[in-house]
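Student: Pasting the sequence and the predicted coordinates here, then a few questions.
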Amino acid sequence: MREHIYTIEINDAFDKKNGTCPLCLLYAKLEEAELDLILGASMMEPEVRKVTNRKGFCGRHYQKMFPRKNRLGMALTLESHLDELKKELKPGGLLARDAAEKGVRRAEELGQTCYVCDRIEEKFSRVLVNTADLHAEESDFRKKFNEQSHLCLPHYARLLRTAAKCLDKKAYSDFAEDAAKLESAYVSKLKDDISWFCKKFDYNFENEPWYDSKDAVERSIRFLSGNVELKG
């Protein structure tokens with residue numbers, strides 16, 4: 001069942017129509033909120049600290065926390081996390097076959113867990129359900145949905161999987177058709193733009209206009225991989 005607390009944010013994201021996947025915008029907003037919390041109000045809560053000590057953070061979110069102003073907050077979180085790891089990774093350790101097994105399992109576990117990722121995922125999964133429900137229940141939202149340029153491919157796949165579970169057969173069929181139209185039109189446009197971008201490196205086309213192709217590489221990567229941060 002749709003949780004109304006998310007509908008404002010979803011509608012806002014689908015209102016923007018700025019050429020960005022609206023679900024990428026929603027994910028980024030959730031991510032920023034969680035990063036603000038963990039380096040702010042949540043940092044000193046004992047129950048939160050227990051979870052961060054156990055899960056740690058992925059490399060992406062360490063990277064995003066590092067430039068923020070609350071370096072002390074990050075250090076305090078790391079201090080208690082490392083203190084717990086110190087107890088778990090005993091001397092005799094990672095190279096000793098039997099004695100190291102527990103430590104190895106713990107090290108492997110930490111490579112797959114992240115407090116921020118898990119918090120975002122919990123909320124984002126509900127956003128996907130609400131998005132599918134809004135499409136089924138509200139004609140105004142369906143119009144907004146159909147006016148989007150695209151959904152990035154990872155979020156398109158997730159949203160369709162979610163819709164298949166939470167919508168009835170007719171509502172899902174309508175939803176899948178609308179989503180497929182978005183993706184098909186956008187892929188065709190991307191293919192044309194990336195092909196023209198490539199042609200522009202042929203001297204026969206050097207005096208031709210770029211049209212919409214100048215950022216075709218960036219748009220293609222973001223479509224295929226989500227709203228990744230591209231540097232260089």
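Tutor: Received the coordinates, thanks.
Student: helix, strand or coil for L190?
Tutor: Using DSSP: H, G, I helix; E, B strand; the rest coil, the structure places L190 in helix.
Student: burial measure for it, as a count.
Tutor: L190 has 18 neighbours, counted by other Cβ atoms under 10 Å. (Each C-beta comes from the backbone N, C-alpha and C, glycine too.)
Student: ok, now which ones touch it?
Tutor: Contacts for L190 (Cβ atoms under 8 Å, 6 or more residues apart in numbering) come out as A216, R219, S220, F223.
Student: what sits against the first one?
Tutor: Applying Cβ under 8 Å, 6+ apart, one finds that A216 lies in contact with L190, D193, I194, W196, F197.
Student: please redo it, this time with the cut-off set to 6 Å
Tutor: A216 makes contact with D193, I194, F197, according to Cβ atoms under 6 Å, 6 or more residues apart in numbering.
Student: residues near the first one, how many?
Tutor: Read it as D193. Neighbours of D193 under the rule other Cβ under 10 Å: 20.
Student: go on, the last one?
Tutor: Residue neighbour count, defined by other Cβ under 10 Å, stands at 18 for F197.
Student: Point out where the protein drops to low pLDDT.
Tutor: 1-5, 90-100, 232 (pLDDT under 70).
Student: What ranges does it have for its helices?
Tutor: Along the chain, counting by DSSP state H, helices occupy 7-16, 22-38, 46-55, 59-65, 71-88, 101-110, 115-137, 139-146, 153-166, 169-199, 216-225.
Student: Let me have the ones you listed in a markdown table, adding distance to K231 as columns.
Tutor: Shown next, in a markdown table, are those (distance: least, Cβ to Cβ, whole Å):
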| stretch | distance to K231 |
| --- | --- |
| helix 7-16 | 24 |
| helix 22-38 | 16 |
| helix 46-55 | 27 |
| helix 59-65 | 12 |
| helix 71-88 | 22 |
| helix 101-110 | 27 |
| helix 115-137 | 21 |
| helix 139-146 | 31 |
| helix 153-166 | 20 |
| helix 169-199 | 19 |
| helix 216-225 | 11 |
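Student: Out of those, which gets nearest to P209?
Tutor: Nearest to P209, of all the helices of the chain, is helix 169-199, at 9.3 Å by Cβ to Cβ.
Student: Can you give the distance from that closest one to the centre of its chain?
Tutor: Taking Cα atoms, centre = their mean, to the nearest Å, the mean C-alpha location of helix 169-199 is offset from the chain mean by 20 Å.
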